[in-house]
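> next comes the sequence, and after it the predicted model I'd like to discuss.
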Amino acid sequence: MHIVVLALNGLFDTGLSVTLDAFGAANKLSAKLMGGTPHFDVTIVGVRKRVLSHQGMVIPVQPIVPDLKPEWVIVPALPPKAPDELIAALERPDTVRAMTQLVQWQSEGTRVAASCVGTFILAEAGLLDFRESTTNWSLAPFFRQRYPNVQLDESRMLVPTDIGVTAGAAMGHLDLALWLIRSVSPELASLVSRYLLADIRSSQAPYIIPNHLAQADPLIQRFEQWSRKNLKSGFSLQDAASALATSSRSLQRRCQEVLGKSPLAYFQDLRVEHAQSLLRSGRLDLESIATEVGYGDGATLRALLRQRLGRGVRELRADLL
């Protein structure tokens, strides 16, 4: 498989490193244990002659030549930024040239992949319009507002589509590389995972901090504060809207625009977060925790935790040991 890594100036060092390390490990293990098949031919290219990482390291890039026709192109992330800084990065001349190149490659049949903030570059180029995607969960509200035509689900770690795949925050680069290896050889991907002590994670949900997402909008921030005070008593859309001096419809619309979910769904996110915190403390049994987060019995909470996090109470307790 011929893979091109498109390196932008100021890229996230770890994202590039884990991507290269994963494919390097795959090639070594393939040569040692599988007769050299499959093999991943990875080339780092840039739209400028000199590319520095975020930490100031020189990235050895090759120029993009007309006959370069990769099977896949991976866009490593720029470091997570505040929205205004990210907009400036997306408008840089080298980033614009990179997006033009990505569109050309994709039109010629190359599949595209990106993790974390790299997904913004695919979205900015229009490649994710009317397609599903994930992104860095902490920037999801900004992504959702800037790219309303993209079907964003930041709870997912990996989202394959007809043109490629997107992955989640930071170490999602490793999940992306393992996914690509697995698409060619599940056996090899399993070997690489074991050697690197890494597994493909299906969800970002356990890592999302609801408070961070709420800070993207004043009304949502106030709704979050109201919700935390009322977790035990339960959710009422009318009560929430009245307390926030807005209408139920306005609160629903704003939650959808910023968070991509209903007020009730966000309220349940906070319940899950608080329940995890109480599980971590180890001082309460499940029934008591259920009462603290507004459920009448532990079975309902158990079902919610498995639905949202993909793991049961016993697994969650084990993770916290």
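Everything's here; your move.

> remind me, longest helix of the chain?
In the chain, ranked by residue count with DSSP state H as the criterion, the top helix is helix 13-33.

> and the helices in the stretch 151-300 of the chain, which stretches?
Ranges of helices in the stretch 151-300 of the chain, per DSSP state H, counting those that start in this stretch, are 172-184, 186-196, 210-214, 218-229, 237-243, 248-259, 263-281, 286-292, 298-309.

> which one, of those, ends up nearest to residue 35?
Closest to residue 35 of the helices of the stretch 151-300 of the chain, according to Cβ to Cβ: helix 186-196, at 11.4 Å. C-beta: built from backbone N, CA, C; applies to glycine.

> what residues does the closest one touch?
For helix 186-196, the surrounding residues in contact (Cβ atoms under 8 Å, 6 or more residues apart in numbering) are 21-22, 25-26, 29-30, 33-34, 38, 174, 178-179, 181-182, 198-200.

> just the buried ones from these?
Buried by 16 or more other Cβ atoms under 10 Å: 22, 25, 26, 29, 30, 174, 178, 179, 181, 182, 198, 200, out of the contacts of helix 186-196.

> picking up where we left off before, for the helix or strand just after the longest helix of the chain, which positions count as buried?
Next in sequence after helix 13-33, counting helices and strands by DSSP states H and E, comes strand 41-46. Neighbour-count burial for strand 41-46, counted by 16+ other Cβ under 10 Å, picks out 42, 44, 45, 46.

> got JSON lines for those, with distance to residue 260 and pLDDT too?
Converted to JSON lines, the buried residues of strand 41-46 look like this (distance: Cβ to Cβ, whole Å; pLDDT from 0 to 100):
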{"residue": "42", "distance to residue 260": "34", "pLDDT": "98"}
{"residue": "44", "distance to residue 260": "34", "pLDDT": "98"}
{"residue": "45", "distance to residue 260": "34", "pLDDT": "98"}
{"residue": "46", "distance to residue 260": "34", "pLDDT": "97"}
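
> what is the nearest of the residues you listed to residue 282?
Comparing those against residue 282 with Cβ to Cβ places residue 42 closest, at 45.4 Å.

> surely residue 170 touches residue 15?
Yes. Using Cβ atoms under 8 Å, residue 170 is in contact with residue 15, at 7.2 Å.

> overlap in contacts, those two.
Shared contacts of residue 170 and residue 15, defined by Cβ under 8 Å, 6+ apart, comprise 77, 115, 116.

> who's in contact with the first one?
Looking back up the chat, that one is residue 77. Taking Cβ under 8 Å, 6+ apart, we find residue 77 in contact with 11, 12, 15, 114, 115, 116, 117, 118, 119, 136, 170, 173.

> could you measure from the fifth one over to residue 101?
Read that as residue 115. Computed as Cβ to Cβ, to the nearest Å, the residue 115 to residue 101 distance reads 18 Å.

> among the shared contacts of residue 170 and residue 15, name the ones in strands.
In this view, the shared contacts of residue 170 and residue 15 that belong to strands under DSSP state E are residue 115.

> so can I have CSV of the shared contacts of residue 170 and residue 15 showing distance to residue 69?
As requested, these are exported to CSV (distance: Cβ to Cβ, whole Å):
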residue, distance to residue 69
77, 24
115, 23
116, 26
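
> and of the shared contacts of residue 170 and residue 15, the nearest to residue 221?
Within those, proximity to residue 221 (Cβ to Cβ) peaks at residue 116, which comes in at 24.2 Å.
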